[in-house]
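**Q** take a look and give me a structure for this.
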Amino acid sequence: MSILVITNRKGGAGKTTVSVNLAAEFAAKGQRVLLVDLDSQGHCAVGLGVKIEAGQATAHDIFTQPNMHILDAVQQTTIPNLSLLPANPAFQHHSSGHDEKCLARALSHESIALQFDLVIIDTPPSLDNLLLNALSAAHWVLVPYVPHPLSFEGVRQLVRLLFKVISKINRSLKILGFLLVMTANNIRQHKQITEQVTKQFGALRVLTGIRTDIKLAEAFAANKPVRFYAPKSRGAEDFAELAEMLSSLIKK
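**A** Got it, this is the predicted structure:
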């Protein structure tokens, strides 16, 4: 079982859009996928059309109920092979404590590896114990960013954190790549931001971007991944290509 965390220190960088649509693409390829939503906004449930009832067990219960089994909170989605561990919209981030390994221990249970091939973790943009738990549990990290200077600064801040985590907490963590979201090749600033990322982190780590497409936003409003809402759209094509590429990288 592989664990992939999707994160950026900057909000609005497309983390949830990437998480939901990549999870759907991997599931379509036959992989049994668990999408874990650590962002208390709970937008993964929105993107998958999953309704969270009051009092229902969530991903955030892992941090307040150490003996909780993850499978007790997992919800099946309408998409074959795709399950969701939803967020608690009322969760207060300071309640996550100081243990950086809560999530890693919960995901290490044998039943999780038997039931899932891939775990994708969507993270909050804040630097807190939730983000550290995600990075501590993961094998791979994918960093989406938008073509804006503040998003690039978020990437730089995150990379500094990643080096600390890799050296001190999780030596198995590897950077899968940097993914430009909402890109348009004819806009100068988009090219400039990508050039900056390439110069700082290397061309091999800069992935083919997700083009600007209103269908991605419409798909969320329709509570569906874009492959089901608009399968012939640019967004659907880009996420299908991205999943194909990442599949080969994760297997290496």
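**Q** in the chain, what secondary structure element scores lowest on mean pLDDT?
**A** Ranked by mean pLDDT, DSSP states H and E, the helix or strand of the chain with the weakest confidence is helix 188-201, at a mean of 71.
**Q** helices and strands around that helix, which ones?
**A** The contact analysis (3 or more Cβ pairs under 8 Å, 6 or more residues apart in numbering; DSSP states H and E) places helix 188-201 against helix 149-168, strand 174-183, strand 206-211. Every residue, glycine included, has its C-beta placed from N, CA and C.
**Q** export those to CSV and tack on mean neighbour count and distance to Ile193?
**A** Below are the helices and strands packed on helix 188-201 laid out as CSV (neighbours: other Cβ atoms under 10 Å; distance: least, Cβ to Cβ, whole Å):
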stretch, mean neighbour count, distance to Ile193
helix 149-168, 16, 5
strand 174-183, 21, 7
strand 206-211, 19, 10
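**Q** buried ones in the least confident helix or strand of the chain?
**A** Neighbour counts over helix 188-201 (16 or more other Cβ atoms under 10 Å) mark 190, 193-194, 197, 201 as buried.
**Q** before we move on, what about stretch 9-23?
**A** 9-10, 13-23.
**Q** ok, back up a step: among the helices and strands packed on helix 188-201, which comes closest to Met245?
**A** Nearest to Met245, of all the helices and strands packed on helix 188-201, is strand 206-211, at 7.0 Å by Cβ to Cβ.
**Q** name the helices or strands packed onto that closest one?
**A** strand 174-183, helix 188-201, helix 234-251.
**Q** any idea how far the least confident helix or strand of the chain is from the middle of the chain?
**A** The chain centroid and the centroid of helix 188-201 are separated by 22 Å, computed with Cα atoms, centre = their mean, to the nearest Å.
**Q** what does stretch 210-226 give?
**A** 16 Å.
**Q** now stretch 162-174
**A** 18 Å.
**Q** same check on stretch 156-167?
**A** Using Cα atoms, centre = their mean, the offset of stretch 156-167 from its chain centre is 17 Å.
**Q** same check, this time on stretch 139-151
**A** Centre to centre, stretch against its chain (Cα atoms, centre = their mean), the figure for stretch 139-151 is 11 Å.
**Q** so which bits of it are buried?
**A** Going by neighbour count (16+ other Cβ under 10 Å), the buried part of stretch 139-151 is 139-148, 151.
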